[in-house]
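Visitor: Provide a 3D model corresponding to the input given below.
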Amino acid sequence: MPLRVTNVRLPVTLDEQHIGPELARRLGVDLTDVTGWRILKKSLDGRARDNLKFVYSVSVDVADEESRLEQLIRRDSVDQYLPKMFEDPPPGSTPLEERPVVIGSGPAGLLAAYYLAIRGFRPLILERGPAVKERVKSIRDFDAGGEHDPDDNYLFGEGGAGTFSDGKLTCRLSGPDIDWVLERFAEFGRRPSVTWEQRPHLGSNRLPFVVRSFRHAIEAAGGEYRFGCRFEGLEIENGQLVALATSAGRIPTKLALLAIGHSARDTYQMLLETGIPMEPRAFQMGLRIEQPQAQIDAEAYGRPEYRELLGAANYNLVAKGERDVYTFCMCAGGHIIPSVSEPGMFCTNGMSNSRHDTAFASSGLMVTVEPGEFGSTDPLAGVRLQQQFEAVGYRLGRSEYLAPAQRAADFMAGRSPDPASRIETSYLRGNIPASLEMLLPAKVISTIKWALPLLNRKYHKAFLPEAVLVGPEMRGSAPVRIVRDREHFQSPGCRGLYPVGEGAGFAGGIISAGVDGVRAAREIVREFAPLN
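Guide: Sure thing, here's the model as predicted:
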């Protein structure tokens, strides 16, 4: 049984070949006695800017380990490595007449479908948008000034919003389910390091390949995709799901995983009218701040050679107060994108490719808004609040999906920008100078204004001098939760309906959404027999 050695510290100028000798030193054994090792976690200690170090947690095998075990585990930061195993239950015995349906192909739907497929359940995956190849072309056309398509955009299409969400694979939780999902992304993304990196990142340029690879594996295991097939209704008899209404016709099924994503507002409305229990949920509103990436690098790295070794620097900042403000989805060397799913609306997000090679760094500046502030007890009141301010963003952008933009200094001072001034951002469709105070509720605006000087001080006064703000930004999480029972993941309003992922209000990111989808799919496997 291997050992685990934590807090293995090496200068960032040394590559991973130096881990073996350091392990031997830490364990007090000869290098030849270290018979194998594997990185479990890797993080960057940036507290000393001129002496950055990688910190590793490593699984290591040692010759004659059993006879030395008691002596070895007495050493500092050494213990036995006893990983918890991914739960993969035997299938149930309840027969299925129809195959399960997965509604949505974003991270939750994708991982749920993959797990069902490899367990023999031959799922049918419905996606309102196109396959990823066609979707990439549509997005390029839109970025170049083309028309917006409500079913084919940065949010809808194969892979969901996750395909163009920067490819961050971070997750605050840990455990065997998270490890299993990360391993699948490592496998299909052909990048093993995502399983141990502190901030694993595939990049928006790699994600289409990853999503397509998942699809090919699902299809090879008996699954089927139907693109351009929009979910439009539920057929329920005596509380049990019996069929789905779609834009392509009726689909009989008694099992459906509802993985619609956080922007399927028309689907939320239909579910509410159908009587599916839902409740409002706190969500985040804010703006996106953008700075020159060179400025962020200069602050993060005390030595010029670090930039070449470590790539574009990122940051993660919080201003704590009566209402916290925190940075979200920091995109080093990336660009700002339109997170738009409906006509007449505008909202921002950020993404970066695997090389992080643009001249810009950006991050959301987010403030949590509670259901009591929505102005209504309607389960969709948070959605209405989003729509209210996204409509303002669209009008400020001349109804052309331009990004309303303002220099941070002018925003702080309450100065309206000169309409003829030129503000440079990474947003591909272009921006328009505007006062951003109309883009968010007054309390959110005042909170961001309070927080910006604090964040600037935390970043040694390098956060604001050249910063530009754009917005609004509010698609980081769902403002509604589709109620489900804790044990079996099913809606109390419809047996056989499994709300999952970000759209159901149970996840916040690619990995957590994927894990939620797998856990729901596992409950199906536990109860039902695979299809022949």
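Visitor: contacts, neighbours, all on C-alpha from now
Guide: OK.
Visitor: Beyond the longest strand seen in the chain, next helix or strand please.
Guide: For the chain, the strand with the greatest residue count under DSSP state E is strand 34-45. Reading on from strand 34-45 to the C-terminus, the next helix or strand found by DSSP states H and E is strand 53-62.
Visitor: So what touches that next one?
Guide: Residues from elsewhere that reach strand 53-62 (Cα atoms under 8 Å, 6 or more residues apart in numbering): 1-12, 33-46, 81.
Visitor: same thing with stretch 301-309?
Guide: Against stretch 301-309 from outside (Cα under 8 Å, 6+ apart): 12, 13, 49, 50, 51, 297, 313.
Visitor: and the residue lying closest to the third one once chain neighbours are set aside, how many residues sit next to it?
Guide: Ranked by Cα to Cα, 6 or more residues apart in numbering and with sequence neighbours excluded, the top spatial neighbour of residue 49 is residue 302, at 4.5 Å. Here the number of neighbours of residue 302 (other Cα atoms under 10 Å) works out to 16.
Visitor: same question, residue 1
Guide: 13.
Visitor: Over to residue 35?
Guide: 11.
Visitor: just residue 342 next, same as before
Guide: There are 19 residues near residue 342, going by other Cα under 10 Å.
Visitor: Equivalent analysis for the one 3 residues further on, please.
Guide: By other Cα under 10 Å, 22 other residues sit near residue 345.
Visitor: just checking, it touches residue 393?
Guide: Yes. Between residue 345 and residue 393 there is a contact under Cα atoms under 8 Å: 6.9 Å.
Visitor: if we can go back for a sec, I'd like to know which elements the longest strand of the chain is packed against.
Guide: helix 19-27, strand 53-62 (3 or more Cα pairs under 8 Å, 6 or more residues apart in numbering; DSSP states H and E).
Visitor: any chance of those in JSON lines, plus mean neighbour count, mean pLDDT and distance to residue 264?
Guide: Converted to JSON lines, the helices and strands packed on strand 34-45 look like this (neighbours: other Cα atoms under 10 Å; pLDDT from 0 to 100; distance: least, Cα to Cα, whole Å):
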{"stretch": "helix 19-27", "mean neighbour count": "17", "mean pLDDT": "96", "distance to residue 264": "47"}
{"stretch": "strand 53-62", "mean neighbour count": "21", "mean pLDDT": "96", "distance to residue 264": "41"}
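Visitor: For residue 482, give me its contacts.
Guide: 276, 277, 278, 279, 491, 499, 504, 505.
Visitor: Would it be right to say that the fourth one lies in a strand?
Guide: Yes. According to DSSP: H, G, I helix; E, B strand; the rest coil, the state of residue 279 is that of a strand.
Visitor: do you know how far the closest residue to it other than its chain neighbours is from residue 110?
Guide: The shortest distance from residue 279 to any non-neighbouring residue, by Cα to Cα, 6+ apart, is to residue 379 (4.6 Å). From residue 379 over to residue 110 the distance is 27 Å, taken as Cα to Cα, to the nearest Å.
Visitor: What of residue 480?
Guide: Taken as Cα to Cα, the span from residue 480 to residue 110 is 21 Å.
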